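Engineer: Sequence first, predicted coordinates after that:
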Amino acid sequence: MKTISALSIFIITFFALQVSAQETILTDINYGQLEKYVQLAKENYPRAKIVRAQMESVRLAIPMANVSYLDIFTASYFYRPEKNQDAINPTNPYSVNGFQFGINVNLGSVLMKPFQVKKAKADYKVAKLQTLDQDMFITTETKRRYYLYIQTASQLKISTQTAQDNKNISETSRHRFEKGEITLDNYNISRMLVSSSNTNKIQAEVNYLVAKDALEEMIGQKLTDVK
């Protein structure tokens, strides 16, 4: 009577796993699609929007600082009716009827304004560097999440195939056990392999969904909506 030993079942399963594990994910990477994801992340990622808005706010501070040079000067006027006479000294030669205009200069503002303009320009330069830094982070993080998504998709594919292979082995073992060709121990081993591979498959499914959600969070869209 021909029998299949526990060691034989293990070896068959081991080599099935090895063949699957040797597959590469490099061929699954779509660099054109990855670039789309990076661009979408730069447009939709909330932190990127905040940094761009902050940079725009700082940029507008430069012309505002330049225009504020006018704050240095304060214009004023005084109106004295023609018929109004100096109550104290009607012959006062410095008393002038009609409109009188004057301009005051704030010396503190004169000294401060150049530094305010310089600070506004420096703040804008910092804001641009922060935007550049944010773009670099978004690019790197989007790629990382995309690669993780591809990895988990590949692992799910392998786990699904392994679970199916082990199920087939278990079915074959059951038929042979019913015919008395293998022992109960050998049949039970095949059943344990099925249970283990199904558990791994479920974990792979969870990992895939988590990676998919993380990538969609980054790009601000469902992957199925990206053309």
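Structural biologist: Ah, there it is. Everything numeric here is computed off the predicted structure, so don't read it as measured data.

Engineer: can we go C-alpha only for contacts and neighbour counts from here?
Structural biologist: OK.

Engineer: So which residues of the protein form helices?
Structural biologist: Using DSSP state H, the helices found in the chain span residues 6-21, 31-44, 46-67, 107-178, 184-219.

Engineer: which residues touch S197?
Structural biologist: S197 makes contact with 159, 162-163, 166 under the criterion CA atoms under 8 Å, 6 or more residues apart in numbering.

Engineer: Poorly predicted segments of this protein, please.
Structural biologist: Along the chain, the model assigns pLDDT under 70 to residues 1-23, 64-113.

Engineer: Turn the helices of the chain into CSV, including distance to K227.
Structural biologist: Compiled in CSV, the helices of the chain are given as follows (distance: least, CA to CA, whole Å):
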stretch, distance to K227
helix 6-21, 30
helix 31-44, 9
helix 46-67, 21
helix 107-178, 16
helix 184-219, 13
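
Engineer: Tell me how many other residues surround I50.
Structural biologist: Counted by other CA atoms under 10 Å, the residues lying close to I50 total 12.

Engineer: any idea how far G32 is from it?
Structural biologist: With the distance defined as CA to CA, to the nearest Å, I50 ends up 27 Å from G32.

Engineer: T172 now?
Structural biologist: 45 Å.

Engineer: of the two, who's got more company?
Structural biologist: In terms of neighbours (other CA under 10 Å), T172 is the more surrounded of T172 and G32; the figures are 14 against 8.

Engineer: quick one: that one from I182, how far?
Structural biologist: Counting by CA to CA, the gap from T172 to I182 is 10 Å.
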